[in-house]
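Peer 1: attaching a predicted model along with its sequence, questions to come.
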Amino acid sequence: MNKTLEHYIKLAPFVAIGLVVVAIAVAGIFYMQRGAHIDLSGSILKVRTLAMEDNATAAVLDFRVTNVSDYGFLVRKVDASLVDEKGQTVEGVSIAEVDARRLFEFYPALGQKYNDTLTIRTMIKARQTIDRMLVVRFELPEKAVQARKEMRLRIEEINGPVAEISDRKP
């Protein structure tokens, strides 16, 4: 047998072991980094509506979010929008926590206020799940809000990452 071929045959097990060690190291790095990206997952649990005027509706969004990362999520901004029957997106205007409390006091038809409003500078700790709400005013009749195709909740983190949660209707 050729001396060079014998040399490669003797070297093959060491090369194979080296490749296995590198593959294990790469897999370990990916495993350790699994929670390193900042993200929220969640769902909109319930949407309640209240006609404010002929063409204005307050929508109460009760939702649950989970911080799936290993780092805290500091809320910078919270917005809500809906997709109407025609497929157009309509932006809502968020109502402050103080006004939300008054809304529940003066309009018992809304039911009970179960959760606090998700406000800016709220810290959602690593791996934490929280229930919150958001009251939003839409410049649409109540029937249009109830007949929506989808309600979207957009939560922006202080450093830029954005989480979107929706309640798409079938």
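Peer 2: The structure has been received and is ready for your questions. Residues are numbered from 1 along each chain as shown.
Peer 1: biggest strand in the chain by residues?
Peer 2: In the chain, with assignment by DSSP state E, the single longest strand is strand 40-53.
Peer 1: list the buried residues of it.
Peer 2: Under the neighbour-count criterion of 16 or more other C-beta atoms under 10 Å, strand 40-53 has 40, 42, 44, 47, 49-50 buried. Any C-beta I mention is one placed from the backbone N, CA and C, and that applies to glycine too.
Peer 1: next secondary structure element downstream of it?
Peer 2: Proceeding N to C from strand 40-53, the next assigned helix or strand is strand 56-67, under DSSP states H and E.
Peer 1: and that next one, which residues are buried?
Peer 2: Residues of strand 56-67 classed as buried: 56-63, 65-67 (neighbour count, 16+ other C-beta under 10 Å).
Peer 1: ok so, going back, now render the buried residues of strand 40-53 as CSV, adding distance to Glu139 and pLDDT.
Peer 2: Shown next, in CSV, are the buried residues of strand 40-53 (distance: C-beta to C-beta, whole Å; pLDDT from 0 to 100):
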residue, distance to Glu139, pLDDT
Leu40, 28, 93
Gly42, 26, 95
Ile44, 20, 96
Val47, 17, 95
Thr49, 13, 95
Leu50, 14, 94
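Peer 1: what's the closest of those to Glu156?
Peer 2: Leu40 (10.3 Å; C-beta to C-beta).
Peer 1: give the contact list for the nearest residue to the closest one once chain neighbours are set aside.
Peer 2: Spatial nearest neighbour of Leu40, chain neighbours left out: Ala163 (3.6 Å); criterion: C-beta to C-beta, 6 or more residues apart in numbering. Contacts of Ala163 were listed using C-beta atoms under 8 Å, 6 or more residues apart in numbering, and they are 39-42, 65, 73, 154-157.
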